[in-house]
Structure formats: C-alpha cells, structure tokens
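1. One predicted model, sequence on top.
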Amino acid sequence: MTTFANALASAAVVVTVGAVVVLWRHRLRSIVLALAVQGVALAVTAALLAGHEHDRVLFAVALLVLAVKAVVIPGLLVRVVAATPGARESDPLVNVPASLVVAGLLTLAAFIAARPIVALVGGPTGRLVPLGLATVLIGFFVMVARRRALSQVVGLLLVDNGIALVAFLVTSGVPVIVELGSSLDVLFGVVVLRVLLARLTAAGFSDLDQLRSLHD
Amino acid sequence: MIYWLFLAPVVAGLVAVATPWRPAVAWLGATSSAVVLVLGVAFAVRVESSGPVGTGVLRVDALAAFMVIVIGAVSLLATVRSVSYLTDEVANGHSTLRHAALYSTLVQGFIAAMLLAVVANNLGVLWVAIEATTVVTTFLVGHHRTKSALEASWKYIIICSVGIAVAFLGTVVLYLAGVHAGIANPLDFTALAAHASMLNAPVVRLAFTLLVLGYGTKAGLVPLFSWLPDAHGQAPAPVSALMSGVLLSVALSAILRLRVIAVGALGVTFPRVLLLTIGIATLLVAASLLLAQRDLKRLLAYSTMEHMGMMTVAAGVGGPLALSGVLLHIMGHGLVKGVLFLDAGEVLALDGTTRIDALRGLLSRRPAVGAILALGLAGLLGLPPFSIFVSELTMLRAEAGAGLWWVAAIVLVVLAVILAAILAHARTVLFGPSKTATASPVSFSAPLGVALGVAVWFGIVAWPLAHLISLAAKVVA
C-alpha cells in the first residue's frame, strides 16, 4: 500500500468511527465534537484526492467542506447545546451496547450493499466506499433510536457526511457547482432546523416523545 | 431565455421582503403566478413548433413546458386565494405583518424552486431545486405557529431531508455509472438517456432504487410518507393546495425522467417491478387510512397519496398511453385538489375546525362552500365530466393493454373502496339540517369555480393541451 492509500483509508475510517462515537457518547457536546472531527476527516479525504489527481478545484472543495462541515455547522449546533438544559441524551430507545452491536451489523450490511460499486470503481478508493455507506446507515439508526430532537439533526448530518465520503471516493466529488449547491442547501437546512429547535424548546418540547399530537 | 421564468417570482419575492406587507404585495404574488402561466404557454407553443429550448443545465422540452403550465395554473389559484387569506389573518390578529411578508416571500421562493426543478436538465440542479423546496416550505407549514404546526414542520423537514439525502446518494451512484461509461457530461439527463445502454446495470439498479425512494418521499410515496398528512393538515390552505397540487407532481415528474434512464440501462422489467410495488403499496396505505379518517384536510392529504400511487403504477407500466394519462392526471388532480384544500381552508376559517363530524350540514349552512366541496369531491372521485375521469380511464386502459390485468384490477378495487369511503365522509359533512344559510363572497367562489370549470373543460375537450401532452408523454415513454 502506498502512503496515499494509507492516508486515504485512515481519513475514511475516522469518518465511520466518528459515527460510532455519536452512538457511544451521551453528552451532546461530545457528539457535536465527533461531527466536527468527521468534517475535518472529510476535508482531508478531499484534499488527499486533490493532491493525488493534481485537481485545484477539488482542493477548493476541500476548503469549502472544512469551512461548512467542520466549523459552521458544528458551531451552529454547539450554540443549541449550550442553550439546552442538561445537555445529555437521556436514556436512548436502544441502549449503548446494543447500539454498538447494531452499528457492527449495519457496517456488515454496507459492505454487502456496496459490492456493485466496489466492483466498478476498484483500487484504493473503491475499497473504502462501504465505510461511507456504513456511516449513512448508522446515521439513519441514530435518527430512529434517539429521543432528543437534536440527535435527529445529528443523525441527518451523519447521513450527509457518509454520502459526501462516498461521493469523494467514487468520483473525486461531484462537479463543483453541485457541491456548492448542495453545501448551501445543507447549510440552509441546518439553519432552518436550528430555528425550529429553538421554537421546540420555547414551546416546552424536550424530547420527541412529546411530538405525538398528530396521528391517525 | 429560460431565465425569464424566474424573474417574476424573484421580483415578487424581493418586493415582499423589502416593503411593509399590504394586500398589494399579495396581489403582486398572484400577478407573478399569472406571468409564470403565460410564459409556460409561450414555451409550450415554441416547443410544439420548433422543439426543445435550451441545451445546457436548463432545458425546456414538452414535459417541462407542461409542468410549468401546471405550476402556473395551480399557483395562480393558490396565490389569488392567499390575498384574502393573508388580509383576513392580519385583520383578525392571527398573523403579524412580518409573518405575512415572510409568507409572501416564501411562497414565491417555493414557486421558483419548483420551476427550477422542472426545467433542470441536470441531476445535480434537480436535486438542489427539490431540496430547496423543502427548506423553503418548512416555515410555510409552520406558519400558524401552534404546537401542532411546529410538530408538523419538524416531521416534514426531518423526513423529507432523509428522503432527499437518499436521492443525493442515488445521484452520486448514477453519476459514477455515467463517468465509467465515458459519458462526457454524466449528470446531464439528455446525455444519460442517450447513452443509457452503456451504463453498468447493477450500479444503475442501485442508483434508480435510491432515487425513487428519495424523490418518492417528496411525492408522498411509500415508505417515507408520514410527513404528508401532518404537513397538509397544518399548513395554511393555499400552501397545502400548492404542495398537494404541484409539489408532489414535480417530484413525480423527476421520477418519470429518471425512469427513462433506468429503462434504457436495465430494460423495462426492473423499473416496472419497483414502481408497481411502490405505487400499489402507496394505494393500499392511502385507502386504509382514508377509511376511518376524521379530519377533512387529512382526508384530502391521504387522497393525494392515493392519486400519487395511482400515477406511479401507471408510470411503472410505461408507454405513451399510460404516460399521457399520468400527465393529464397531474393537471386535473392539481386543479381539483387545489380547489378542495382552499375550500377546506375556508371551512377552517369559518367553523374553526376541519373535524368531519363537527361540520354537518355544510351544504345548507354555507351553500357556496358546500357546493364547491361537493363538486370538487365529485371531480376527485373521477366522475365524468371531470378530466380525472378521462385520465383514470386512460391509465386503466394502458394497464390492461400492457397485459397487466391484475394491476388494473387492484387499482379498480382500491378506487371503489375509496369512492365508498369518501362518499360516506362527504355525506356526513354536506348534508344535515341547518336553520341559517350564510352566503360566501364572490372573491372566494369565483377563482375556485373557474378552476373547477377548467378541470371539466379538459375532461370534455382536450384542446389545447392534447398535443403538448402527447409530445411530453413521448419524452418520458
């Protein structure tokens, strides 16, 4: 294995481990920190690919990813955490040991589901695609297994980071205009979610069990 | 040339931000929708005479022109009604001037995002546009700022964001297939469709499944549909009309375009099995939740799911006949469902509730509101002479013609069950004695009556849409 392949694999592993850390930790502050570290690892992935392929545009994308995913979005979430009393994930629907087992199974499923992509891409990048898919699946799991409204946002961002990792690995990123558009959309989405979170808190909702008035 | 489409909504939206809200701002919004409708017709004429307009990221072909017309027509209806909706809200203190201004701005942003989605010839731009509709409409769903509205907007943005994330993954995977097939511009719809047979089949299968699940979320399809009744029930009536009447169809039209690529790469079977499965499941879920429904707006929301399911089934069957049925259905359903949501909004404003058992005797209490509800439901259930009758018949004929008798049979049985359920609910709401009868202003009944008239018109005379629909159906057949 070359240094490039090793560095790339390490960055991709950090993204997936970041998702597992979200499942493992209770304190919301650590969870947001894990997201920021994921953002850095994604930026490193993009930068490594940019260096490998001598692609200046991709390098600019790496800087954009660093700014949005490692600084701005975690920054927005930290302020929500600071405003939340007792900033902990109070007993999740699935306890931590069981969650970690599920994460293992989901990773296994990701390796199976990614086979057509791995077969098509191959090489040092293609092998890592299942790690991105595993992050996506763990993100979905966080969204259904956690009670805090903030945790759903975190789950969504895990999904998003996982998809970004897949995009970088399989194609060295989608074209820059799409990357720009999607980053902006995600950023706006997080801003909207943050406003809604503030309104939920103001209305006295603290966890999602209280969001039960609309049903059939 | 295509950029002109966005001028009117952008100007109307900016004016709503920049100036203090007054009814003129809402009238400007309605004017902007009228401009969109006129431009849609102009594009249709141009496309019919000399082919698609534009080559790059934005392109207006027959399908795009048709969708622009649908967006223009339903938004015109919704924005005209928004004028008196907002005026009343402000007058009775339910809404501040700032909220009214925000509403006016967001509705224009919503329309602009839908326009971008239908003229996008690029998978990435399509994704950005559909995601933008979610971001923009979240606050519209929560406009009433009650606890229930807050809950509905939270569910809406969370579930739709999941869906749209899945669609992005599908976009990335399809892009990968395009890159490996050596296509010069692998996000371009026309390029992908032209070279579909060169794409790697297993990868396209994965991509198409992800894209259908993802955009299907916005189209109200199984499995991620649970945002739909909550959002439609809580949103202001003109917003529900826009979401149900066009937003869902815009997402469906994206699936129609993607299906062309999938059929080119995989043959007809895989897309058909996927769309039939999802469509029939949606029909069944919608029917089961319609039966015991107790709220009028939620009833309408589940009926929208039913119609989306029916169109997905027909899209799965494929072919020009089925797809022209789908397109006519998009227009007929958009108009009729828009009218019904606006009517339900009037009921909510006057009676303070949309609970079905609390509304008895609507026809004698408020003749105009009741009559529009009765006519709208008749149109929705596919009774002649409404255009939904024609489009449902077309879709069923196409299903039977393709040898899929059992599909047509399932759809017919579900339709019969839903007919019975909605008739029973309608009887509860419409009939019953009442001592007083309150008239409704012409500003309420005139636009709704005109929209119903148009829906009847397309049921009797196909002119002037028939040629455009057959061209558009060819684009995605």
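-> Received the coordinates, thanks. Numbers count the residues shown, from 1 in each chain, chains lettered A, B, ... in the order given.
2. Report all helices and strands that the strand or helix carrying A:Ala134 contacts.
-> According to DSSP states H and E, A:Ala134 maps onto helix A:129-145. Applying 3 or more CB pairs under 8 Å, 6 or more residues apart in numbering or on different chains; DSSP states H and E, one finds that helix A:129-145 contacts helix A:3-24, helix A:96-113, helix A:115-121, helix A:149-171, helix B:147-180. For glycine as for every other residue, the C-beta is placed from the backbone atoms N, C-alpha and C.
3. Any chance of JSON lines for the ones you listed, columns distance to B:Val273?
-> Shown next, in JSON lines, are these (distance: least, CB to CB, whole Å):
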{"stretch": "helix A:3-24", "distance to B:Val273": "33"}
{"stretch": "helix A:96-113", "distance to B:Val273": "19"}
{"stretch": "helix A:115-121", "distance to B:Val273": "18"}
{"stretch": "helix A:149-171", "distance to B:Val273": "26"}
{"stretch": "helix B:147-180", "distance to B:Val273": "17"}
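4. Turn those into JSON lines, including distance to B:Phe225 and mean neighbour count.
-> Listed next are the helices and strands packed on helix A:129-145 as JSON lines, based on distance: least, CB to CB, whole Å; neighbours: other CB atoms under 10 Å in any protein chain shown:
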{"stretch": "helix A:3-24", "distance to B:Phe225": "27", "mean neighbour count": "20"}
{"stretch": "helix A:96-113", "distance to B:Phe225": "23", "mean neighbour count": "15"}
{"stretch": "helix A:115-121", "distance to B:Phe225": "28", "mean neighbour count": "18"}
{"stretch": "helix A:149-171", "distance to B:Phe225": "18", "mean neighbour count": "26"}
{"stretch": "helix B:147-180", "distance to B:Phe225": "8", "mean neighbour count": "25"}
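5. where do the helices sit along the stretch 1-150 of chain B?
-> Ranges of helices in the stretch 1-150 of chain B, per DSSP state H, counting those that start in this stretch, are B:4-18, B:23-50, B:62-91, B:97-119, B:123-141, B:147-180.
6. can you list these in CSV and add distance to A:Gly18 and mean pLDDT?
-> Formatted as CSV, the helices of the stretch 1-150 of chain B follow (distance: least, CB to CB, whole Å; pLDDT from 0 to 100):
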stretch, distance to A:Gly18, mean pLDDT
helix B:4-18, 38, 95
helix B:23-50, 44, 96
helix B:62-91, 41, 96
helix B:97-119, 32, 96
helix B:123-141, 23, 93
helix B:147-180, 17, 91
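7. Ok, which of the ones you listed comes nearest B:Val326?
-> B:Val326 lies closest to helix B:62-91 among those, at 10.6 Å (CB to CB).
8. Quick check, pLDDT for the residue in chain A positioned nearest to chain B.
-> Residue nearest to chain B within chain A (CB to the nearest CB): A:Val178, separated by 3.2 Å. pLDDT recorded at A:Val178 is 73.
9. is it true that it touches B:Leu126?
-> No. Using CB atoms under 8 Å as the test, A:Val178 is too far from B:Leu126 to be in contact (10.1 Å).
10. quick one, which of these two is more surrounded?
-> When neighbours are counted by other CB atoms under 10 Å in any protein chain shown, A:Val178 and B:Leu126 differ, and B:Leu126 comes out ahead with 28 against 22.
11. Return the alpha-carbon coordinates of the helix or strand where B:Ala378 lies using CSV.
-> In this assignment (DSSP H and E), B:Ala378 forms part of helix B:367-380. C-alpha atoms of helix B:367-380 as CSV (Å, rounded to 0.1, in the frame of the first residue of the first chain):
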residue,chain,number,x,y,z
PRO,B,367,-74.2,26.8,0.2
ALA,B,368,-71.2,28.1,-1.8
VAL,B,369,-68.5,26.4,0.4
GLY,B,370,-70.6,23.2,0.5
ALA,B,371,-71.3,23.2,-3.3
ILE,B,372,-67.6,23.6,-4.1
LEU,B,373,-66.7,20.8,-1.8
ALA,B,374,-69.4,18.5,-3.4
LEU,B,375,-68.3,19.4,-6.9
GLY,B,376,-64.6,19.1,-6.0
LEU,B,377,-65.1,15.7,-4.4
ALA,B,378,-67.0,14.5,-7.5
GLY,B,379,-64.1,15.6,-9.6
LEU,B,380,-61.6,14.0,-7.3
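12. wait, what's in contact with the residue positioned nearest the centre of chain A?
-> For chain A, A:Leu158 is the residue whose C-alpha lies nearest the centre (CA atoms, centre = their mean; 2.2 Å). Residues in contact with A:Leu158 (CB atoms under 8 Å, 6 or more residues apart in numbering or on different chains) are A:Gly18, A:Ala19, A:Val22, A:Leu35, A:Gln38, A:Thr135, A:Val136, A:Ile138, A:Gly139, A:Val142.
13. The fifth one: what's its closest spatial neighbour, skipping adjacent residues?
-> Spatial nearest neighbour of A:Gln38, excluding adjacent residues (CB to CB, 6 or more residues apart in numbering or on different chains): A:Gly18 at 3.8 Å.
14. Just the pLDDT for the one you found.
-> Looking at A:Gly18, the pLDDT reads 94.
15. How about the one 10 residues further on?
-> Predicted confidence (pLDDT) for A:Leu28: 83.
16. How about the residue in the stretch 201-350 of chain B positioned nearest to chain A: what's its closest non-neighbour residue?
-> Closest contact between the stretch 201-350 of chain B and chain A, by CB to the nearest CB, is at B:Pro202 (3.7 Å). Of all residues not flanking B:Pro202 in the chain, A:Pro116 sits nearest, at 3.7 Å (CB to CB, 6+ apart).
17. That neighbour: what's it in contact with?
-> A:Pro116 neighbours (CB under 8 Å, 6+ apart): B:Asn200, B:Pro202, B:Val203, B:Arg205, B:Leu206.
18. Let's see that with 7 Å instead.
-> If you count contacts by CB atoms under 7 Å, 6 or more residues apart in numbering or on different chains, A:Pro116 has them with B:Pro202, B:Val203, B:Leu206.
19. So which of the residues you listed belong to helices?
-> Among the contacts of A:Pro116, the members found in helices (DSSP state H) are B:Pro202, B:Val203, B:Leu206.
20. Can you give me the distance of whatever residue of the stretch 1-150 of chain B ends up closest to chain A to A:Val129?
-> Taking CB to the nearest CB as the measure, the stretch 1-150 of chain B has B:Gly124 as its residue closest to chain A, at 3.2 Å. Going from B:Gly124 to A:Val129 by CB to CB, to the nearest Å gives 20 Å.
21. Chain A versus B:Ile159, what's the distance?
-> Using CB to the nearest CB, to the nearest Å, B:Ile159 is found at 10 Å from chain A.
22. B:Ala374 now?
-> Taking CB to the nearest CB as the measure, B:Ala374 and chain A are separated by 25 Å.
23. hang on, isn't that residue packed against B:Arg427?
-> No. The criterion here is CB atoms under 7 Å, and B:Ala374 misses it with B:Arg427 at 10.3 Å.
24. Of those two, which one has the most company?
-> Between B:Ala374 and B:Arg427, B:Ala374 has the larger neighbour count (other CB under 10 Å), namely 17 against 11.
25. ok, for the more buried one, nearest residue in space, not its chain neighbours?
-> Among residues not flanking B:Ala374 along the chain, B:Leu430 sits closest, at 5.8 Å (CB to CB, 6+ apart).
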